[in-house]
Each structure stands twice: as C-alpha cells, then as structure tokens.
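>>> Sequence plus the predicted model coming up.
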Amino acid sequence: MKNELKYIICITVMLMASQVKGQQIKEVHIGEQVPDIQLSGFYNDSTKVTQLKDLYKNKLLLLDFWGSWCGSCLVEFPKLIDLKKKFGDQIEIVAVGYESYQKIKSFFKRHPELNSPAYRVITKDRVLTRKLFPHKTVPHMVWINSSGKVVMISEGEDVTEATIQSALANQPIPIRPKIDNMSLGMEAMFKPFHMMDTNFIARSILTRTVPGWLSFDGLQGEDSTGLKFNRAFIGNLPINQLYWIAVFHRKVTSQNYSRLIFEVKDSLKYMMPQSAPESFKYSKYKSYSEWEDENLYIYELVMPHKVPYDALYEYMLSDLNRYLNLNGRFEKREMNCYVLMKKKNKKQASLSPKEISSIYYPKQKIENLNINQVTDLLNRDIVNGYIVNESGLPLANQFRLNVNLFSLSVDKINYILNQYGLEVVPGRRKIPVYVVSEIN
C-alpha cells in the first residue's frame, strides 16, 4: 500500500508538471487576468519560490520593470520606498530585473540606499519580462489588483499617491496607459512630419507631444564638410529644454541650467514636473501623462538649402519666440560665478584617485590654446556656473589640455588649472545669460 501510494503521488506530480510545461504563457493586457505562475530568482533569497497570486492577495501589486543602467528607473526607487511607507500592506512592490544576480548585486553595492525592504527584487527574470509583460522601454509599471486582474500598465512617473488611492478604491485610474511602441517614433522621427502638406519646399512646425515617442533631437542633410545641414528636428521636450538646445546648440553641458533664466508666471508650463514638485502637487494635473499632453512639444525645421549648424538653431530660436509668444534674449546680469585668476598660494587642488582617473581617461589632447579659448572650453563643460577670465595673461601664452573635458566640477577645473599657476574662485560679475519672459 505504501509503495502504491508513492506511485500514485509520482504519477500526479508528473501529470501536473506536464500540464505546466505544456501550458502556453501568453502576453497579458489591461483588463485581463494574470495566470498563476511560480516566481523565483529573488535577490538575497535565490532559492525562494513564490506563486504570483500570493503577491497580490488582498492588496495591489506593482511590478516595476527596471535596469541598473536606466537613470529614470533609479529616480523612481526612492519614490517607491516612500509609497510603501505610506500604504504599507495595502500594496506589494516587486522590482523585476532581467539582469544577472551578480550584476544587480554589484549595483546595490554601489547604491546601498536603494537596496530597500520596501520592495522585493527579482533577478534574471525571463517569464514576466519576455512572456507575460513584454516591453521595449523602462521604467515599465504593471498594476495588478487583488483579484489578479491587470488594471493598468503605465510609465513609472505615473505611480503616485493619488493614482494608487484610485486603484485601491477600484476607481478609474487617471492615467493614460503607456504606449510602448518605440518603432512608431524611431521610424517616423527621421522623416519630415507630413501633416497634409507633402508638397512643401521649406517649413517650420511646432506640435504637441506624440504619446509613445521618446525625446529626441538631431540634424539631417549635411554637406560633404559635415558643417551644413537642411533639417533640424527636436521633440517630446518641455519648453525650457527646447530653448536650451536652440540657445546653446549642445555646446554647453545640460547640467548647467544657471545660464538659462525663465521669468514666467507658471513654471510648470515650461519645465518638467520633477523640477517643480510642489507646483505640480497643487496643480490641476492628476498625472504626469496629463501634464505631458499639454506641455511637451515637437519642433521641426526644413530648409530648401543647406545652412551652417549654428544658423539652423538661430532660426529655431526665432521660431520658438514667435510661436510661443515669448521674449528670449541674451543679457549681461550680475550673477554668482567663478573668476579665473593667477593662483595666490602654493596649495594644490586635491582629488580622489577615482576623480583623477575620470579627468585623464579617456585623454583628449587640445593644443595651442590661448587663455580665452581655455576659458571658453571650460565654460562649455562646467557643471554649474560661468567662468570670467581675469588672469591678465596675454593671448600669446599657449596651453595644452590633455584631459577629458566632460561635466567638470570646480574642484576638477582647479586640479587642471593649478599646474599652470591658475585657479578659479567664487565671485560675482556681470555674465551673459539667456532670459526668457512672457509677452503680455
């Protein structure tokens, strides 16, 4: 009898296994029920096996698909930690990673503050990522209610206290579902944006955002020298970033927003909500996607002939001022800045070995520069602020920079300059800034 019972159990297990193996796992969409599958590969507990249904039992389950290389994903983690503190056992958060256990372990070693008990982390996932919820961009958020139904698939930024409260109350979630069709944007962005005007010779056009497109910008139609173009296109960006590219032509690091000043009544019309969180909190917008529909733009300029790189952006700047009814202009204003001068003491700027390595690798050799050219190069790459040259050095003095000029901090700049007996110090001077104000 004992052997017969063992035989019956073995047969039952084999039948169950064959059913699971033969079961076709299909993509699940909004409004559909998720299958009950087993999940494994949990970080810090690789032997653990959990049924998917146990994760959404009596709660809202948020599956956060992410990658360690994805800056937008990492921005979401602290917010998820706060939301877990707010809602406690009403929600379950699982960060689904497709990368290996070792790679995610290395990531958490570099960012221990993100290794939080607020969410479980799955490593080397293949089933959720590739079969149930395939996607092309991250963050990718899947919302599963306590009945196992997918009630929303959204961008990461749309997971907020307000939208979670709607989901928990079984009310419509005020979010536009994520459009995850990258090919839609990739195929279309490199062609003129025809709007029933296919016979044009030249034009510029400004439109609202196209949902599902990524932000982008570029030039096309270059001549043999690579210095002239006949098309500029840029889009799915807020007004301040459109101006940033038009004014500085990608020649100034995007981290140096102090050189672009908006004097406007409602900053939320001009910049991302993440830059004005309090304004967004008390605004009319219920979700980031609702804000995007009103405040992201696409711009294109097509010329009948090739013009210099800088000229295209001058035309774009003129269009933005005219189309958006704004007054944009360069002014010299007294601002906090840095002053380049001869070094007054022998103490050298010190950096960690890692910081020094970031300056000299990869090396960039730039020779035969005068002091004004050196100042201009540093102003392109300083992370924040502006450098005024008051060194008094003659232009005949030649410099050779053998460094990596990219997103330089003031400490790194001083480390570079000290070898020439120079330094930059905080000061206050009249410096050129681009000011944008509204026309009444």
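Thanks, I have it.
>>> Stretch 159-178 - what's its average pLDDT?
Mean per-residue pLDDT for stretch 159-178: 94.
>>> ok, and for it, which residues are buried?
159, 160, 163, 164, 166, 167, 173, 175, 176, 178 (16 or more other CB atoms under 10 Å). (Each C-beta comes from the backbone N, C-alpha and C, glycine too.)
>>> do the same with stretch 245-263
Across stretch 245-263, burial judged by 16+ other CB under 10 Å covers 245, 246, 247, 248, 252, 253, 256, 257, 258, 259, 260, 262.
>>> for stretch 265-276, same thing?
268, 269, 270, 271, 272, 273, 276.
>>> Those in strands, which ones?
Counting by DSSP state E, none of the members of these fall within strands.
>>> how about CSV for those, with pLDDT and distance to residue 38 added?
As requested, the buried residues of stretch 265-276 are exported to CSV (pLDDT from 0 to 100; distance: CB to CB, whole Å):
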residue, pLDDT, distance to residue 38
268, 93, 45
269, 94, 48
270, 95, 49
271, 92, 45
272, 90, 40
273, 91, 39
276, 84, 44
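>>> Closest one to residue 389 out of those residues, please.
Nearest to residue 389 among the buried residues of stretch 265-276: residue 271, at 31.0 Å, using CB to CB.
>>> dump the residue contacts of that closest one.
238, 239, 240, 241, 262 (CB atoms under 8 Å, 6 or more residues apart in numbering).
>>> same check, this time on residue 349
With CB under 8 Å, 6+ apart, residue 349 has these contacts: 411, 414, 415, 418, 423.
>>> sorry, back to before: nearest to residue 109 among the buried residues of stretch 265-276?
Using CB to CB, these come closest to residue 109 at residue 272, 30.2 Å.
>>> So the residue nearest to that closest one when sequence neighbours are not counted versus residue 208, what's the distance?
Counting by CB to CB, 6 or more residues apart in numbering, residue 272 lies nearest to residue 238, which is 5.7 Å off, once chain neighbours are set aside. Distance of residue 238 to residue 208, computed by CB to CB, to the nearest Å: 12 Å.
>>> which of the two has more neighbours?
residue 238 (22 against 14; other CB atoms under 10 Å).
>>> Contact partners for that one?
Residue 238 touches 270, 271, 272, 295, 296, 297, counting by CB under 8 Å, 6+ apart.
>>> Residue 251 falls within a strand, correct?
No. Residue 251: not assigned to a strand; according to DSSP: H, G, I helix; E, B strand; the rest coil it is coil.
>>> all numbers from here: first residue = 55
Renumbered: residue one is now 55, and that last one reads residue 305.
>>> That one and residue 434 touch, don't they?
Yes. The pair residue 305 / residue 434 is scored as a contact, 5.5 Å apart, by CB atoms under 8 Å.
>>> Please enumerate the helices of the stretch 305-454 of the chain.
Ranges of helices within the stretch 305-454 of the chain are 331-335, 342-349, 363-377, 407-414, 425-435, based on DSSP state H, counting those that start in this stretch.
>>> comparing the ones you listed, which gets the lowest mean pLDDT score?
What stands lowest among the helices of the stretch 305-454 of the chain, in mean pLDDT terms, is helix 407-414, with a mean of 78.
>>> Just give me how far it sits from the chain centre.
25 Å (CA atoms, centre = their mean, to the nearest Å).
>>> just checking, what packs against it?
For helix 407-414, the packing partners by 3 or more CB pairs under 8 Å, 6 or more residues apart in numbering; DSSP states H and E come out as helix 464-472.
>>> helices or strands next to the helix it packs on in the packing?
The contact analysis (3+ CB pairs under 8 Å, 6+ apart) places helix 464-472 against strand 380-396, helix 407-414, strand 476-492.
>>> Show me the least confident stretch of those, going by mean pLDDT.
Taking the mean pLDDT of the helices and strands packed on helix 464-472, helix 407-414 comes last: a mean of 78.
>>> In it, which residues are buried?
In helix 407-414, counting by 16+ other CB under 10 Å, buried: 412, 413.
>>> tell me the angle that helix makes with helix 464-472.
Here helix 407-414 runs at an angle of 60 degrees relative to helix 464-472 (axes from the mean of the first three to the mean of the last three CA atoms, to 10 degrees).
>>> Please save the CA atoms from helix 407-414 in PDB.
Extracted in PDB, the C-alpha atoms of helix 407-414 (Å, rounded to 0.1, in the frame of the first residue of the first chain):
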ATOM      1  CA  PRO A 407      42.200  58.700  -7.400                       C
ATOM      2  CA  LYS A 408      38.800  57.900  -9.000                       C
ATOM      3  CA  GLU A 409      38.200  61.600  -9.800                       C
ATOM      4  CA  ILE A 410      41.600  62.000 -11.300                       C
ATOM      5  CA  SER A 411      41.000  58.900 -13.400                       C
ATOM      6  CA  SER A 412      37.800  60.400 -14.700                       C
ATOM      7  CA  ILE A 413      39.700  63.500 -15.900                       C
ATOM      8  CA  TYR A 414      42.500  61.700 -17.600                       C
END
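>>> Which residues does it contact?
405, 456, 457, 458, 462, 465, 466, 469, 470.
>>> Which among these count as buried?
So, by 16+ other CB under 10 Å, the buried ones in the contacts of helix 407-414 are 405, 457, 458, 462, 466, 469, 470.
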